[in-house]
Structures are given as structure tokens and as C-alpha cells.
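S.K.: kindly generate the corresponding structure for this input.
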Amino acid sequence: MLNLLVDLADSPYVVSASVFQNLPLLRVLDLTEVKFKGGKLPSSIGGLIHLRFLSLYHAEVSHLPSSIGNLKLLLYLNLGVAAGEPVHVPNVLKEMLELWYLSLPLLMHDKTELELGDLVNLEQLWYFSTQHSSVTDLLHMTKLRSLSVSLSERCTFETLSSSLRQLRNLETLYLEFSYKTYTVDYVGELDLDFIHLKELVLAVRMSKIPDQHQFPPHLEHISLFNCRMEEDPMPILERLLHLKSVKLTYDAFVGRRMLCSKGGFPQLCALEISEKSELEEWIVEEGSMPCLRTLTIDDCKKLKELPDGLKYITSLKELKIYGMKREWKEKLVP
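M.R.: Down below sits the predicted model:
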């Protein structure tokens, strides 16, 4: 077995088309941050039919050859190339039936159509886009444990939810909008009651957070981005009794007042509040967040002061403050 790690990230060298022609027994190929002539991955890569691992993470690639479909024994394929121009991805990934890990490019050509429904051995699927694939492709991927989905206007949350219901082994789920769907308000459409789900990331527009019963019963980590919620999400989040970390950032909440009430967040260990441009007042009642160890506040410039109730949280070990006015910090350290 032959493994090859190519590290040319800091080199002006550009990989040529002949580089893969004399490596027929190669099993592992890591091309992280490698540059290719004209942004084209050489078609000769299709001759590496014994490959099990291929990574193009942050490689300078904008065109994948159809010959990549010859790599039918791949178990791991990372196409998370360097962000920039859209990537040409031929509809040949459907041939890689052994894949258990697949990471797609963040940007693909508008006309890209990928049929992925036969990849039933996938356990991790990153950057699946409903613009370029049918959401029903997810129906038979019942082994999935980690999934991230980019939503387009052609997929409703109702359609998405019906496809996700079959994925009973999901432990990590990321849902994000595409720019075209940013104006859609998804409140009330979310139904994420997955028994095994531990981590949830939502970057979708919703005027208020879904009800408690719409969340997984054993959720441990939640991150909310760009949601622009107008109602305080804390009264719902603090009732998710297994939460260990909460992150609210990039205008997840655009209201002015936030309340953490007595008895809420009984297991929360880490809380991050950042990029909240309108937050002015945050109240923490005695008995809230009794296990909190790390608190991060970043760029909440309208927040008048730290909650007085933090003095009751004796478990707090680390307080991180960034991007706040000097006068605000001076209240902490005279």
C-alpha cells in the first residue's frame, strides 16, 4: 500500500497533469492547499482506482474531471476546495458507493446537478445543497450521523423535514440558508425531533425561536447565526435541560432585552453572545445557569453592563470579553 501526502501550500509550484500517472497502487492522497494549473484537477487522477482517501481541502481547484468517477473504492472524499469561483462538479459521485465521508464544495456552478441518493453508506455529508441535489436523496442515507444542508428556494422546510425524518442516527445537523432564501421566515416549520441529535446549528431566518417540543429531547449544543429573532430565545432555550453550550452570534437575536430566569439552563457550561448589535439589557436571575464555566461576550456594543446576577454563578471560571468599549471594561477592572 502506498500513501502520499503532498504539502505544497507555501510553494509557487503548480501540479501538472502527469503527476498521478505512475502511482497506480496509491491508497491515500492528501492534496490540501495544492495549486493546479488552470484550476483543473488532472484527468489522470481517474487512474488511481485503488484510492480510499482523497482530500482537496482548500486546494485551488475550480474544475473536477469526469474521470474522478473511476474512484469507486473511495471511502473519504473532501471536495472543500478554496473558496472563490464556483466549482465544476460532474455528476459522477453517484458511482462512489463505498463513501462514508463526503464534503462538497461551498460553491458550485448553477447548472450543477448531483444525484447522490445511492450513497447509502454515508455517515458524514457536509455542504449538501438543495440547489444542486434533490432533498429526497437523503431518504435512504440512514447511516448519516453528521449532516449539513444549504437551503435554496426550491426546497421548503416541510419537504426537508419529511426527508430528514428517516435519519434516526443523526447526531450533528447544520441548516443554513442560501442568499436567495434569506428573506424567508422559517418559524413554525422546524421539526427537529431526532432522538440522537446532540449538536444543532441553525443559520436560517426566523422571527422567533421554535417551541421547546420542536427541538431534540437530548440536545447538548446549539448555535444560532443570522436568525434575526425578534423575541428573546432564552425562555425556550433554558428549558432544553441537556444543553451544555449555547452560541448566539451574527444577529441571531435583534431584540434589546434578554432574560435568563431562575432554574434555567441547569447543565449549561459555555455561553457565547457575540455580534448582537441591538442588545442593551441582559438579566440573569439567581439560580440560572448554575454550572456555567465559560462566558464569552464579543462586540455587543450597546450592552450597558454585565448582569448583576452573574455573581451568583460560583462555577464561572472564565470570562472572555472582546470588542467592547473601554468604558464598559473599566467597570470590571477599575
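
S.K.: ok, and the closest non-adjacent residue to residue 225?
M.R.: residue 203 (4.0 Å; C-beta to C-beta, 6 or more residues apart in numbering). Every residue, glycine included, has its C-beta placed from N, CA and C.

S.K.: to clarify, my last question referred to residue 283.
M.R.: Closest residue in space to residue 283, ignoring its immediate chain neighbours: residue 259 at 4.8 Å, by C-beta to C-beta, 6+ apart.

S.K.: same for the one helix or strand that neighbour maps to, what does it pack against?
M.R.: Under the criterion of DSSP states H and E, residue 259 resides in strand 257-260. On a contact count with 3 or more C-beta pairs under 8 Å, 6 or more residues apart in numbering; DSSP states H and E, strand 257-260 meets helix 234-237, strand 281-284.

S.K.: JSON lines for the ones you listed, including mean pLDDT, mean neighbour count and distance to residue 46?
M.R.: Shown next, in JSON lines, are the helices and strands packed on strand 257-260 (pLDDT from 0 to 100; neighbours: other C-beta atoms under 10 Å; distance: least, C-beta to C-beta, whole Å):
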{"stretch": "helix 234-237", "mean pLDDT": "98", "mean neighbour count": "19", "distance to residue 46": "49"}
{"stretch": "strand 281-284", "mean pLDDT": "96", "mean neighbour count": "19", "distance to residue 46": "56"}
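
S.K.: for residue 128, find the nearest of the ones you listed.
M.R.: Closest to residue 128 of the helices and strands packed on strand 257-260 is helix 234-237 (C-beta to C-beta; 26.4 Å).

S.K.: for the closest one, list the C-alpha coordinates in CSV.
M.R.: Extracted in CSV, the C-alpha atoms of helix 234-237 (Å, rounded to 0.1, in the frame of the first residue of the first chain):
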residue,chain,number,x,y,z
MET,A,234,-33.8,32.3,26.2
PRO,A,235,-37.2,31.4,27.7
ILE,A,236,-37.3,28.4,25.2
LEU,A,237,-33.6,27.5,25.2
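
S.K.: residues touching residue 313, list them.
M.R.: Applying C-beta atoms under 8 Å, 6 or more residues apart in numbering to residue 313 gives the contacts 284, 288, 289, 290, 292.

S.K.: is the third one part of a helix or strand, or is it coil?
M.R.: This points to residue 289. Three-state assignment for residue 289 (DSSP: H, G, I helix; E, B strand; the rest coil): coil.

S.K.: need the nearest residue in space to it, chain neighbours excluded.
M.R.: Nearest non-adjacent residue to residue 289, counting by C-beta to C-beta, 6+ apart: residue 265, 4.5 Å away.

S.K.: contacting residues for that neighbour?
M.R.: Neighbour list for residue 265: 237, 238, 243, 246, 271, 288, 289, 291, 292 [criterion: C-beta under 8 Å, 6+ apart].

S.K.: name the SS class of it, please.
M.R.: coil.

S.K.: if we can go back for a sec, what number of residues lie near the residue nearest to residue 283?
M.R.: Residue 259 is flanked by 17 other residues according to other C-beta atoms under 10 Å.

S.K.: re earlier: relative to residue 127, which of the helices and strands packed on strand 257-260 is closest?
M.R.: Set against residue 127 and scored by C-beta to C-beta, the helices and strands packed on strand 257-260 come closest in helix 234-237, at 26.5 Å.

S.K.: what mean pLDDT does the helix or strand following the closest one get?
M.R.: Sequence order places strand 245-249 as the next helix or strand after helix 234-237, per DSSP H and E. Per-residue pLDDT over strand 245-249 has a mean of 97.

S.K.: kindly report the same for stretch 28-36.
M.R.: For stretch 28-36, the mean pLDDT works out to 90.

S.K.: first vs last residue of stretch 109-123, how far apart are they?
M.R.: One end of stretch 109-123 sits 26 Å from the other (C-alpha to C-alpha, to the nearest Å).
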